[in-house]
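Chemist: No sequence on hand, only this structure:
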């Protein structure tokens, strides 16, 4: 089966590579010439465990191709996936200019039936806009060519994206014709053979499912952060509370971990977009507005604890930060808590020493050389007045506390992900602060 995927960002490249791994012939398209040249030379532009090897293997076996010219492959493919970016507009709504530009190109150059599938996270109603743009281009050309649109939202988690794609909880496909359903069934047949759930819906429902899923997960995180902050005030331990409520089968234990706020390319953007979609319909998403407010406040909670500890006197202090990416197993710093923390600390005259296993170059690109980038986690804490953990990378989980205590000016730890044992650290002389205790 021949398909094209437009956009070689996180979603497009992972999806295209995994479809190729399942036997499809995939052409990945991007307007960024340098990115395409890099991919053709075997250089993968994003960090995702296992992706490099899979890209190289499928490229070598000629199931995966890369080009900058979408029009050149339209005659050869049955399905075109649109996986371009939908960044938040100034008002928080999703910016659809790239999605609609893909539709415009397809309409201007297609010569036979094609199924156009939106893979990007887009607001409800986007498929209708895509359909209208394609039809408008066909009308300009005065040709009558059948086509269909569909919605196939992605549910990939950075760090485990390949596993998520190859062994999905569910595949959601929104269609409006039997022809489109048959094509998508054919493409996803390997998943059906393995008894993974492929859920067919109408298109608006498919578009809404993605936003609703991410918003629900964001809600659970902000709820637990709110509970954690209250636990500190009343003397409860949020870890015990989390275990207690998570044992209820109606609630479950997923996404009940308190911390210093969520970030990334999905949750913040999708919550904002769903709020804006509702506003355009005259409805207020009151719960999600609170979710967003709690999360923004939570990103500053460790800084506020640090300020209180030093009686608002942070000028000239050396602060070590472990973890810069918004979560482990990625170099993505979009909406990361580290960016908020770094700004607060720099604004208050601190010297910063930072370390992350993979996100150092991304941090340099975003923040520049005003920070000291440590070669390893132990060098980062040398002569530090405090250590702040923001990302729970595995290598941070069982550090040599004896070495760290000797290296620091004072043994002070702020744990933004609650991964350390308070009794252990306090027992060897550390002052330990976490979330919700």
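Modeler: That came through fine. For clarity, every value in this text was computed on a predicted model and none was experimentally measured.

Chemist: Touching stretch 274-285 from outside, list them.
Modeler: Residues outside stretch 274-285 that contact it (CB atoms under 8 Å, 6 or more residues apart in numbering) are 91-94, 123-124, 211-212, 215, 288-289, 292. All C-beta atoms are positioned from the backbone trio N, CA, C, and that covers glycine.

Chemist: can you rerun that using 10 Å?
Modeler: 88-89, 91-94, 123-125, 207-208, 210-212, 214-215, 218, 271, 286-289, 291-292 (CB atoms under 10 Å, 6 or more residues apart in numbering).

Chemist: Helices of the stretch 201-350 of the chain, start to end?
Modeler: Per DSSP state H, counting those that start in this stretch, the stretch 201-350 of the chain carries helices over the ranges 203-234, 238-246, 267-280, 286-298, 301-309, 337-347.

Chemist: what's near enough to touch residue 170?
Modeler: The contact partners of residue 170, by CB under 10 Å, 6+ apart, come to 155, 191, 196-199, 209, 213.

Chemist: For the closest residue to residue 210 other than its chain neighbours, give its distance to residue 266.
Modeler: Spatially, and ignoring its direct neighbours in sequence, residue 210 is nearest to residue 153 (3.6 Å; CB to CB, 6 or more residues apart in numbering). According to CB to CB, to the nearest Å, residue 153 and residue 266 sit 11 Å apart.

Chemist: Can you pick out the residue with more neighbours from the two?
Modeler: Set side by side, residue 153 and residue 266 show more neighbours around residue 266, with 27 against 22, by other CB atoms under 10 Å.

Chemist: In contact with the residue lying closest to that one once chain neighbours are set aside: list those residues for me.
Modeler: Nearest non-adjacent residue to residue 266, counting by CB to CB, 6+ apart: residue 214, 5.4 Å away. By CB under 10 Å, 6+ apart, residue 214 lies in contact with 121, 153, 155, 264, 266-271, 273-274.

Chemist: of all those, which comes closest to residue 242?
Modeler: Nearest to residue 242 among the contacts of residue 214 is residue 267, at 19.2 Å by CB to CB.

Chemist: And the closest one, how close does it get to residue 121?
Modeler: According to CB to CB, residue 267 and residue 121 sit 11 Å apart.

Chemist: Equivalent analysis for residue 392, please.
Modeler: Counting by CB to CB - residue 392 and residue 121 are separated by 25 Å.

Chemist: Looking at the two, which is more packed in?
Modeler: More crowded of residue 392 and residue 121, by other CB under 10 Å: residue 121, with 22 against 18.

Chemist: The more buried one contacts residue 172, doesn't it?
Modeler: No. Between residue 121 and residue 172 there is no contact under CB atoms under 10 Å: 11.8 Å.

Chemist: Can you get me a residue count around residue 198?
Modeler: Residues near residue 198, counting by other CB under 10 Å, number 16.

Chemist: and what of the one 4 residues further on?
Modeler: Residues contacting residue 202 under the criterion other CB under 10 Å number 13.

Chemist: Name all residues that make contact with it.
Modeler: Contact analysis of residue 202 by CB under 10 Å, 6+ apart lists 127, 151, 174-176, 208.

Chemist: go on, residue 230?
Modeler: 236, 238, 241, 436.

Chemist: What's the PyMOL line that selects buried ones from these?
Modeler: Applying 16 or more other CB atoms under 10 Å to these, the buried members can be selected in PyMOL as follows:
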select buried, resi 238+241+436
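
Chemist: now the contacts of residue 230 in JSON lines, with distance to residue 250 and pLDDT?
Modeler: Putting the contacts of residue 230 into JSON lines (distance: CB to CB, whole Å; pLDDT from 0 to 100) gives the following:
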{"residue": "236", "distance to residue 250": "21", "pLDDT": "97"}
{"residue": "238", "distance to residue 250": "20", "pLDDT": "96"}
{"residue": "241", "distance to residue 250": "16", "pLDDT": "97"}
{"residue": "436", "distance to residue 250": "22", "pLDDT": "95"}
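
Chemist: Next, work out how far apart residue 39 and residue 137 are.
Modeler: Going from residue 39 to residue 137 by CB to CB gives 28 Å.

Chemist: Pick out whichever of those two has more residues nearby.
Modeler: Counted by other CB under 10 Å, residue 39 and residue 137 do not tie: residue 39 has more neighbours, with 23 against 18.

Chemist: wait, doesn't the more buried one sit right on residue 55?
Modeler: Yes. Using CB under 10 Å, residue 39 is in contact with residue 55, at 7.1 Å.
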